[in-house]
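Enquirer: Generate a structure from the sequence data that follows.
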Amino acid sequence: MIGPMFLNVDAGELENEPEELYAAAEVVNIACGGHAGDERSMTRVLECCKRFGTKAGAHPAYPDRANFGRQVMVITPEALGASVAEQCHALASCARTHGDVPIPFVKLHGALYHAANGDPALAGAALKGIIEALGWEITVIGPPRGAVRGAANELGLRYAREGFADRGMRADGTLVPRGEPGAMIDDPTRAAEQARALIASGAVDTICVHGDGKNALAVARAVRAVMT
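Expert: Alright, predicted model coming up:
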């Protein structure tokens, strides 16, 4: 991993993402076709990662572009594993073609992130699909507890426990669902305060900012400032 605490940004999802966002992060999780992203967008982000010295990560999702990967799909573990492998292969192919950029990180997206964390079969299938495409020398970014971490441990993969600076959290530590009041934190000061609390808790290794959020660049910069 990079260090005791790093900033990761989910990206490659919008046409107008500022390049400065990729420079603010230490790891950029790149949408690779399941929920968003295509060869052009993947290439753009990979080239920026190489230029800025930012680590690249794969960001596979349910194969559900219509819902941006934010709704649970009924899918077998075998089909999910094949889809995740296909998405990661697509990013790896772009990375080889455009400067041979390494992809040492991976993070599941959206509804799959949460569904896999509650289902060991889905978690195992997703991680095996990732290994098929990217190999064993990867660090999985995911929830501090649950099936994804368990599957990563069983497979002997490095793991980074994640917290969110720009998402509202309930008292039990779960995220406020998107669409509900308080789900997103768009104010940089509030996001920085949440990041500071996460760091102090000792419960996470990395903090996420979503590239498609309002004020994403300002939020990322504010969060990065409290991490240095």
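Enquirer: which of the residues in whatever helix or strand A200 lives in are buried?
Expert: Applying DSSP states H and E as the criterion places A200 in helix 188-201. The neighbour-count check on helix 188-201 (16 or more other C-beta atoms under 10 Å) flags 188, 191-195, 198-199 as buried. C-beta here means a position set from N, CA and C on the backbone, and glycine is covered the same way.
Enquirer: what lines up beside the very next helix or strand once past that helix in the sheet?
Expert: Downstream of helix 188-201, the next assigned helix or strand under DSSP H and E is strand 206-210. Strand pairing for strand 206-210, determined by DSSP bridges: strand 6-11 (parallel), strand 158-164 (parallel).
Enquirer: relative to helix 188-201, how tilted is the longest one?
Expert: When you say that, I think you mean strand 158-164. Counting by axes from the mean of the first three to the mean of the last three C-alpha atoms, to 10 degrees, strand 158-164 lies at 140 degrees to helix 188-201.
Enquirer: as a whole number, average confidence for the helix holding A200?
Expert: Taken as a whole, helix 188-201 carries a mean pLDDT of 96.
Enquirer: name the helices or strands packed onto that helix?
Expert: Under the contact criterion of 3 or more C-beta pairs under 8 Å, 6 or more residues apart in numbering; DSSP states H and E, helix 188-201 touches strand 158-164, strand 206-210, helix 216-227.
Enquirer: Specify the stretch among those that is closest to T174.
Expert: strand 158-164 (10.8 Å; C-beta to C-beta).
Enquirer: Give me the pLDDT value at the most centrally placed residue in the chain.
Expert: In the chain, the centroid-proximal residue (C-alpha atoms, centre = their mean) is K107; its distance is 4.1 Å. If you check K107, the pLDDT there is 98.
Enquirer: Go ahead and confirm F52 touches Y22.
Expert: Yes - contact criterion C-beta atoms under 8 Å: F52 and Y22 qualify, at 5.8 Å.
Enquirer: the more surrounded of the two?
Expert: The neighbour comparison of F52 against Y22 (other C-beta atoms under 10 Å) goes to Y22, with 27 against 14.
Enquirer: tally of neighbours for R161?
Expert: 16.
Enquirer: now N8
Expert: There are 26 residues near N8, going by other C-beta under 10 Å.
Enquirer: And the strands paired with strand 206-210: which comes nearest N29?
Expert: N29 lies closest, by C-beta to C-beta, to one member of the strands paired with strand 206-210: strand 6-11, at 4.8 Å.
Enquirer: what pLDDT, on average, does the closest one get?
Expert: 97.
Enquirer: can I assume I141 sits in a strand?
Expert: Yes - per DSSP: H, G, I helix; E, B strand; the rest coil, I141 lies within a strand segment.
Enquirer: Next one: it from Y159, what distance?
Expert: Applying C-beta to C-beta, to the nearest Å, the value for I141 to Y159 is 8 Å.
Enquirer: right, so the helices and strands packed on helix 188-201: which one is the most enclosed?
Expert: Ranked by mean neighbour count under mean count of other C-beta atoms under 10 Å, the helices and strands packed on helix 188-201 are led by strand 206-210, which reaches a mean of 25.
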